[in-house]
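Peer 1: here is a sequence together with a model predicted from it:
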Amino acid sequence: MSTTLKIGVCVFPLVTILDYQGPMEILGFLDKNLPREFLAPELTPNPPPKYNLEIVYLGYSKDPIKPITGAILLADETYEESLAKKEQFDIILIPGGPGATPQQVRPVLLDFLKFQAPGAKYILTVCTGSWVLAQAGLLDGKRATTNKFTFKHIQDATKDQPITWVAKARWVVDGKFWTASGVTAGADMGYAFLKHLVGEKIANVVRGLVELSNKAEDDDEFAEVHGLL
């Protein structure tokens, strides 16, 4: 029988949808509520995968959320509701976008992350989602990466924090923290994380199904494009 891991996906106004949808398009095949009859036999193995996922989307409120592009979003619950319940997530996923800047991030999101971090098994970020973690003080002493277009700006903004920002990286793993570079890198990290959770066989079936031409952890052409090397 699979063990259920609860994953909290953080959303907010001006979020970049692909930041979270990239990895969730990969990890979503572990959703315990996914109708299994529509899946290929290769995705319903016997014995079942080690883990399945309970997915919760969290926001500042349950009002419609306008992303930077794309359809309006609705959160399942709010950060305040989660904090009030003192619920613990096993996995946290934090996307980026214009809503991830210090001017836009609200204290309740940082409070939520500070509460979750000690007990979470994994904390994942995509793009400038790592800047949100830095604002919460959770990347101090860690290696991490972020969107290479904004890399120098974020590096300068966090210069007083003991964070080792890695320029040439599609994603970086430091303990429980997995941080991906810009936008599409989230899918690459999602594939690597799926492989970490349930093994290469299932991960490769999913990769083939979504036709992901994934890049390795250090296969990052954009560090050079943006003059970071």
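Peer 2: Sure thing, it's come through. Numbers count the residues shown, from 1 in each chain.
Peer 1: looking at the chain, which helix or strand is least sure?
Peer 2: helix 200-210 (a mean of 95; mean pLDDT, DSSP states H and E).
Peer 1: can you pull the buried residues of whichever helix or strand comes after that one?
Peer 2: Next in sequence after helix 200-210, counting helices and strands by DSSP states H and E, comes helix 222-225. Under the neighbour-count criterion of 16 or more other Cβ atoms under 10 Å, helix 222-225 has 222-223 buried. The C-beta positions use only the backbone N, C-alpha and C, and glycine is treated the same way.
Peer 1: ok, which stretches of this structure are helices?
Peer 2: 17-27, 79-85, 107-116, 129-135, 151-157, 185-198, 200-210, 222-225 (DSSP state H).
Peer 1: of those helices, which approaches L73 most closely?
Peer 2: Checking these against L73 by Cβ to Cβ gives helix 17-27 as the closest, at 7.8 Å.
Peer 1: helices or strands up against the closest one?
Peer 2: strand 3-10, strand 91-94, strand 122-126, helix 185-198, helix 200-210 (3 or more Cβ pairs under 8 Å, 6 or more residues apart in numbering; DSSP states H and E).
Peer 1: now these in TSV, with distance to Q135?
Peer 2: Output for these, formatted as TSV (distance: least, Cβ to Cβ, whole Å):
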stretch	distance to Q135
strand 3-10	13
strand 91-94	11
strand 122-126	12
helix 185-198	19
helix 200-210	32
